[in-house]
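*Asks:* coords please:
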Amino acid sequence: MRHRELDGIRGVACLIVLFDHLIISILSSRFSEFPGAWRLSQWLVGGVDLFFVLSGFLIGGILLDHKRATNYFRVFWIRRIGRIMPVYYLLFASFCVVLLIRPWIDAPWLDQFLLKNPMPVWTYAVFLQNFAQSIDGGDGGARWVASTWSLAIEEQFYLLLPLLVFILNRRRLVVLALLCIPVAALVRGYTWQATGSMFTGYFLLPGRMDALMCGLLAALALRHAPTFAVCRRYRLVLDVAALGVFVMLNSSLVGGSTNSGSFVIMASDFTFRSVLFAYLILRVFLVPETSIYRRFLSGRALVFFGTISYALYMYHPAINGLLFGIIYGGVPVLGSFGEAMVVALVIAVSIGLAWLSTRYFEMPIRRLAGRVAYRETRPELDEFALGSANARL
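*Replies:* Residues are numbered from 1 along each chain as shown. Reported below is the predicted structural model:
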């Protein structure tokens, strides 16, 4: 059963990323002067964390619900290929074309942003660019395809999680997820401290698995009747705890600048945000459908952006660099009325192209892949199937 609220959450994540990439990041020199700017920037970076948590929740839920299917691996991968590969390889192909024709184009601005410091091309083709980006230690390399690092992490997660769900029972999955969460924070903290670059651990699955595992834990809680009942009974307590985490994340208790504490403490920012995001996703199923919370998330605008979020997330960096390059002959920057108009144009073109891509390119392929159905080995409920009932609440 599809929930509009989850599309709305995906829309929130996408809008946060767009606001960061298309406005705040190109105001960085001025933005950094404002009090509290560092803390806000962490929430903007958190848009990707929200994507990861939601992915762990949705993909984990799909695997849990169909664990007993005889064609479990085959159907999962056919549907993932139909969902991820078309847009991904379309963007990758456009990047390769630009690299090939670059020597014959008089556009030096391409090398300043969109093609600056690309990772080895073959790494993008096999979803290993995040390793190259981590070794490089920079800000992600060529902006044309820089956003694909998160897809690489998700693809690596999709390779591991189906096997883990298949071979482990619920209790062992919970233990594994709980162990992965602090390990991820330690990996981030250690690699940042050892290299002096936050991006070393930022681009790697071991350093981001806390977000994915928080999502998986939310999916497990939804599918375990006793746990779900406890969450529903003590929802107000959980709401207060979530508010406490939010306040803490906006205080000096967690994180801060590199001069205010260790990198390990800074790394915990990501973990606490992921825990908060996982609860906010689970909360959709804990409150009535008529609640303000669910009505807000299921609003038409957020659901629309959630529906086109994948294409919008993938395409907007290239559109941003191309329009600023063509119009101003330089990298994206926001400091004048004219540049603000270009930003507005970038947003409009990105949304329009994402809508066209979603409706006429992605959806037909996804419908085709969706024709391959899971074949269950038995009709009765297994240990995870309670989620189907809980999801209707």
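*Asks:* any stretches of the stretch 1-150 of the chain with poor pLDDT?
*Replies:* Regions of the stretch 1-150 of the chain meeting the criterion pLDDT under 70 cover residues 1, 28-41.
*Asks:* that one: helices as residue ranges?
*Replies:* With DSSP state H, counting those that start in this stretch, the ranges of helices along the stretch 1-150 of the chain come out as 4-19, 28-31, 37-65, 72-101, 109-112, 121-125, 129-136, 148-167.
*Asks:* let's have those helices in a markdown table, adding mean neighbour count and distance to Val346.
*Replies:* C-beta: built from backbone N, CA, C; applies to glycine. Converted to a markdown table, those look like this (neighbours: other CB atoms under 10 Å; distance: least, CB to CB, whole Å):
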| stretch | mean neighbour count | distance to Val346 |
| --- | --- | --- |
| helix 4-19 | 22 | 9 |
| helix 28-31 | 12 | 17 |
| helix 37-65 | 21 | 17 |
| helix 72-101 | 16 | 16 |
| helix 109-112 | 16 | 15 |
| helix 121-125 | 16 | 23 |
| helix 129-136 | 20 | 24 |
| helix 148-167 | 19 | 19 |
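*Asks:* closest to Glu339 out of those helices?
*Replies:* helix 28-31 (12.5 Å; CB to CB).
*Asks:* of all the helices of the stretch 1-150 of the chain, which one is nearest His224?
*Replies:* Of these, nearest to His224 by CB to CB is helix 37-65, at 10.0 Å.
*Asks:* return the distance of the closest one from the chain's centre.
*Replies:* 5 Å (CA atoms, centre = their mean, to the nearest Å).
*Asks:* for it, packing partners?
*Replies:* If contacts are counted by 3 or more CB pairs under 8 Å, 6 or more residues apart in numbering; DSSP states H and E, helix 37-65 sits against helix 4-19, helix 72-101, helix 148-167, helix 205-222, helix 235-249, helix 263-283, helix 386-390.
*Asks:* can you list the ones you listed in JSON lines and add distance to Ala107?
*Replies:* Output for the helices and strands packed on helix 37-65, formatted as JSON lines (distance: least, CB to CB, whole Å):
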{"stretch": "helix 4-19", "distance to Ala107": "25"}
{"stretch": "helix 72-101", "distance to Ala107": "9"}
{"stretch": "helix 148-167", "distance to Ala107": "22"}
{"stretch": "helix 205-222", "distance to Ala107": "34"}
{"stretch": "helix 235-249", "distance to Ala107": "42"}
{"stretch": "helix 263-283", "distance to Ala107": "37"}
{"stretch": "helix 386-390", "distance to Ala107": "51"}
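*Asks:* so which of the ones you listed is nearest Arg294?
*Replies:* helix 4-19 (5.3 Å).
*Asks:* got the contact list for that closest one?
*Replies:* Contacts of helix 4-19 with the rest of the structure, by CB atoms under 8 Å, 6 or more residues apart in numbering, involve 43-44, 46-48, 50-51, 54, 58, 280-281, 284, 294, 296-299, 301-307, 309, 312-313, 316, 347, 350.
*Asks:* on that earlier part again, just put the helices of the stretch 1-150 of the chain in CSV and tack on distance to Gly207.
*Replies:* Formatted as CSV, these follow (distance: least, CB to CB, whole Å):
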stretch, distance to Gly207
helix 4-19, 19
helix 28-31, 23
helix 37-65, 11
helix 72-101, 21
helix 109-112, 29
helix 121-125, 18
helix 129-136, 8
helix 148-167, 9
